Structures are given as C-alpha cells and as structure tokens.
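> coords below, sequence missing:
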C-alpha cells in the first residue's frame, strides 16, 4: 500500500492507493504518523483561519479524526472539553527512585532489626538499580538512609511477634461457631454455693490432680482462652467439688449396714430350706442404695430451697433412675455383671433366679453403653443432679425445678467444653449424655412395671420400696387376669 499527499483547500487529505501487493494494511486515526497529527497551534495559523471546523447549524460537529474515519460517528452539540483522540495524553512519570524506596522498606527493617553489617565489594559508591540492589547491600542501606529512612522508627521484632500472635488468635477466634462460644452465665440466687466444708478441700484437690487434670492444667486453660471457651466460674467449681464430695461419701453403704444385711441373709438361709435368697439379696441391697440416693439428694445445692411436697415427688420419681446410674458405675465389663456393695458380682443367672430375667438384658445393655462413653466422676455427679431435678408430674413449682436443672446442665456443658476442647468428641459428648435421660426414663418405667408384676405374683417387696415406688396401693385381687398373663409369660 502506497500513500500520496496533496494539499486540497488547505487540508491535508490522505489518499489511499490500492496496489497489487499481497500485503494488506489498515489505516486509522490512531495509527497516523506524527506529521499527520494536527495540533491546536496549527489550526490557529492564518492558513486555516477561514475554515469552519465546527458546524453548529446542523447540530452536529465533526473533527479531523472523524473525517479520516469517514464521518462514521457523531459528537454532542457542545464543543468537546477533552483533548482530541489523536492527541497524546500526558502520563505521570514513574521514577526508579520511588520503586527502589518501596521495595527497600522491608530490607531496611530487616537490616535494622538484625543489626546487620554489610561490606561493599565495588568501591562503596554503587548506583542503585534493579540489578545492583541485590548485589551490594551496603550501598543499598546507605541509599535508604539517604532518602530519609530512620532506624529509630523501625518497630522492634518483639512487637511484631506480639502483633502476629494477636492476629493469629483473632483468626482462630473468628473460626469458632457462635454456638460454642455463647454460654448462659445466669445463676439463680438459690444456686449460690457457699465455700465447701474443709472435708471438700480434699475433693477439690482430687479434682485438680486425678479426676480432671486436663481442663485444670494451665496449658489447656490458656488454649481455651485463646479459643474463647468460657472457664468454669468459682461457683461452678464449688458446685462440682460439693457434688463429687457427696457422691464419694454416699457411694457405698457403711460397714455396719453391710454386716447387718449379711447376717440377715445367713439366718434366713438356715431357717428356710427353700428360701428365695437371690430375691432377698437384691431387694435389701436396693434398699441401702435408695437410702444413699436420698441422702445424696438432700445435700444437693438448691434441693433445700424447694417445697417439701416437691422434694418427696422428686425423690420418689428419680430414685429408680439414679439407681440405674449407680448400677452402670458398678458395671464390670470383663464379666458382664454388676458389682454390688458387698463386691459380689450379679450376673444374668442371679437375676433369673430372683425372677427379674425380663429386665436384666436392657439393664446390661445400658451399662455397656455407659461404659463405652468413658464418663468420669464429675460427669456422673452432674448427670445425677440433672436426673433428680427433672420435670415430674405433680410438682407444685415446676419452673423452680427447671431453673435449678438448667444451671446443672450449663455447668455440665462448660465442664465438657473445657475438658475436651481440642477433641472432636466434645461436639457429641454433651448430646450423648443428654440422650441418657431418655434411656433412664425407659428403665425407670420398666422398674415400676416389674415391681407391680412382682406384687401381682405375691412376691412381697419390702415396705420401704413399696412406699417410695408407689406400689403399696396395687390391688392383687382386682388384677387376677393380669397375674395369669404375667405367669404365662
């Protein structure tokens, strides 16, 4: 393609002559050589003074660049305020000095922090550029000082490390879901615990060194604080100490009670050749266990603040369920049996001989499930308190009982969060423990049905158990068909 210039009427017009060349080129206003660009000074010359560049009559204005493009585009009515498209726009210069300064700030900070000493190998007068900045660090440091960088303004490394630690802790805190960091700190006035008696100080020390050494260790507590896990309040610590203290105190019957019961078994065995000894042993040991449960419940914080009728209602309803928890604590996985207070193992055969074969399978299954959860004494103590302060039919103040139970549940939750904060088990352990409440209700109903069935079969229960389990008023004459049905089973 060949270009030829001519002066027509004062304007320089580009005439494109197509030739037979195989090369094809395109021309546009953006690709013009400098000689073709018209400046405002050239337009103001006398040669072009008589020319009309802007036509206002048609409402359309044409520029020189538009004429080169074939008048394909239109412009607004007002004259353009911006430079013509063909005019070069000024760009801010980017000096190598500013780039070196921005890239040398990290080098200067590291040099000052480490008190680095550099030696130039090229005459101590190197000119800094993208190449020499990597070759001569002494001259680079001098350049940093020359442009105004001050060593006293550099943040010490200790502060940088502290900031990094705080940022990391904040990131870990932001990763936590809100549900695990929000804890109800409401404490009812009735749950205010006084400092435990001197005997409980030993239990508190046991909690710190034997029962739950993990959540009380300083290292784990520091990790829990970084994870925004709330610690146990002083009142909750006293509450746990008192519960474990009472649980240990009323775990086993006294030696006198065991001796008295054992002598009764021996005398009954000598007098009656066909005595129902397994049934008597189980029922009399059950009496001792229920008495211990009653004494344990009386010492619970909040129990003395409810009315006496509600206390009786709670004790009657919870005694069989708490007894199942105690059986689970005395479960021996090696022999699949339950150790009674006299350390005698009772297996399926013992329960079958006592006429309780239809409840032992569910009871042993429950014991195996509790054994697999690996619960400690604190878990059992708090769960026992939750079972005692459960909603029961006939309560005069159910809201008060529910408020007390909520505080025990919250204490159990915070305890688990502090104990298993670094373990995935923490997310499900609390839910598993709460699911035990449903199984205990089922076992409690089975125990009531068993007592009624024994009553209908003329198997005499001790008066204490009949009273506390409400089977004393069951009529044996009005339920003769039920007796036949139970016997058939």
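Received, thanks. Please read these numbers as outputs of a predicted model, since none were measured by experiment.

> against residue 393, how distant is residue 106?
Distance check for residue 106 against residue 393: by CB to CB, to the nearest Å, it reads 73 Å. Glycine gets a C-beta too; all of them are placed from N, C-alpha and C.

> repeat for residue 232
For residue 232 relative to residue 393 (CB to CB), the value is 34 Å.

> of these two, who's got more company?
Using other CB atoms under 10 Å, the more surrounded residue of residue 232 and residue 393 is residue 232, with 19 against 7.

> that one: what secondary structure?
Three-state assignment for residue 232 (DSSP: H, G, I helix; E, B strand; the rest coil): coil.

> give me the pLDDT for it.
Residue 232 is assigned 81 on the pLDDT scale.

> what residues are up against the closest residue to it other than its chain neighbours?
Nearest residue to residue 232, sequence neighbours excluded (CB to CB, 6 or more residues apart in numbering): residue 414, at 5.7 Å. Residue 414 sits next to 183, 230-232, 236 when contact means CB atoms under 8 Å, 6 or more residues apart in numbering.

> from these, pick the one nearest residue 242.
residue 236 (10.8 Å; CB to CB).

> name the element the closest residue in space to that closest one that isn't next to it in sequence belongs to?
The shortest distance from residue 236 to any non-neighbouring residue, by CB to CB, 6+ apart, is to residue 411 (4.8 Å). Element membership of residue 411 [criterion: DSSP states H and E] is helix 398-419.

> of the contacts of residue 414, which is the most crowded?
In terms of neighbours by other CB under 10 Å, the contacts of residue 414 top out with residue 236 at 21 neighbours.

> am I right that that residue is in contact with residue 412?
No: applying CB atoms under 8 Å as the test, residue 236 and residue 412 come out as separate, 9.8 Å apart.

> may I see the buried residues of the helix holding residue 411?
For helix 398-419, the neighbour count (16 or more other CB atoms under 10 Å) marks 400-401, 403-419 as buried.

> can you check stretch 243-250 too?
For stretch 243-250, by 16+ other CB under 10 Å, it's 243-247, 250.

> helices of the stretch 201-350 of the chain, residue ranges please.
213-216, 218-226, 234-249, 255-271, 277-298, 308-329, 348-353 (DSSP state H, counting those that start in this stretch).

> would you reformat those helices as JSON lines and include distance to residue 140?
Shown next, in JSON lines, are the helices of the stretch 201-350 of the chain (distance: least, CB to CB, whole Å):
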{"stretch": "helix 213-216", "distance to residue 140": "53"}
{"stretch": "helix 218-226", "distance to residue 140": "40"}
{"stretch": "helix 234-249", "distance to residue 140": "59"}
{"stretch": "helix 255-271", "distance to residue 140": "87"}
{"stretch": "helix 277-298", "distance to residue 140": "77"}
{"stretch": "helix 308-329", "distance to residue 140": "73"}
{"stretch": "helix 348-353", "distance to residue 140": "86"}
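
> for residue 121, find the nearest of those.
So among those, helix 218-226 is nearest, using CB to CB, at 48.2 Å.

> tell me what the closest one is packed against?
Helices and strands touching helix 218-226, by 3 or more CB pairs under 8 Å, 6 or more residues apart in numbering; DSSP states H and E, are helix 157-175, helix 213-216, helix 398-419.

> and of the ones you listed, who's closest to residue 361?
Within those, the stretch nearest residue 361 is helix 398-419; the backing value is 29.1 Å (CB to CB).

> what is the next helix or strand after the closest one packed up against?
Next along the chain after helix 398-419, taking DSSP H and E as the criterion, comes helix 426-456. For helix 426-456, the packing partners by 3+ CB pairs under 8 Å, 6+ apart come out as helix 308-329, helix 357-372, helix 377-388, helix 398-419, helix 463-468, helix 480-488.

> how about residue 394: what's its closest non-neighbour residue?
Nearest residue to residue 394 in three dimensions, chain neighbours excluded: residue 313, at 5.2 Å (CB to CB, 6+ apart).

> number of nearby residues for the one you found?
18.

> rank the helices of the stretch 201-350 of the chain by pLDDT, which is bottom?
Looking at those, the lowest mean pLDDT belongs to helix 213-216 (a mean of 51).

> so what's the closest residue to residue 296 other than its chain neighbours up against?
Counting by CB to CB, 6+ apart, residue 250 is the residue found nearest to residue 296 once chain neighbours are left out, at 4.4 Å. By CB under 8 Å, 6+ apart, the contact list for residue 250 reads 292-293, 295-296.

> could I get the residues you listed in a markdown table, plus columns for distance to residue 224 and neighbour count?
Converted to a markdown table, those look like this (distance: CB to CB, whole Å; neighbours: other CB atoms under 10 Å):
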| residue | distance to residue 224 | neighbour count |
| --- | --- | --- |
| 292 | 35 | 22 |
| 293 | 34 | 23 |
| 295 | 35 | 12 |
| 296 | 30 | 22 |
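
> closest one of the residues you listed to residue 259?
Each of the contacts of residue 250 was checked against residue 259 using CB to CB; the closest is residue 292, at 16.3 Å.

> please identify the most buried of the helices and strands packed on helix 426-456.
Sort the helices and strands packed on helix 426-456 by mean neighbour count, taking mean count of other CB atoms under 10 Å, and helix 377-388 sits at the top with a mean of 23.

> ok, and what's touching that one?
Contacts with helix 377-388, where a contact means CB under 8 Å, 6+ apart, come from 207, 211-212, 240, 243-244, 246-248, 296-297, 300, 303, 314, 318, 321-322, 325, 329, 375, 405, 408-409, 411-412, 415-416, 433, 436-437, 440.

> what about 6 Å?
If you take CB atoms under 6 Å, 6 or more residues apart in numbering as the criterion, helix 377-388 is touched by 211, 240, 243-244, 247, 297, 300, 314, 318, 321-322, 325, 405, 408-409, 412, 433.

> now do stretch 129-142
Here stretch 129-142 has contacts from 111, 118-120, 122, 126, 128, using CB under 6 Å, 6+ apart.

> may I see the ChimeraX selection of the buried members of these?
The following ChimeraX line selects those of these that are buried, judged by 16+ other CB under 10 Å:
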select :111,120,126,128
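
> let's see which of the contacts of stretch 129-142 end up in helices.
residue 111 (DSSP state H).

> closest one of the contacts of stretch 129-142 to residue 226?
Among the contacts of stretch 129-142, and counting by CB to CB, the member closest to residue 226 is residue 111, at 33.1 Å.

> got any ranges where this structure has weak pLDDT?
Low-confidence segments of the chain (pLDDT under 70): 1-103, 174-218, 265-275, 422, 472-489.
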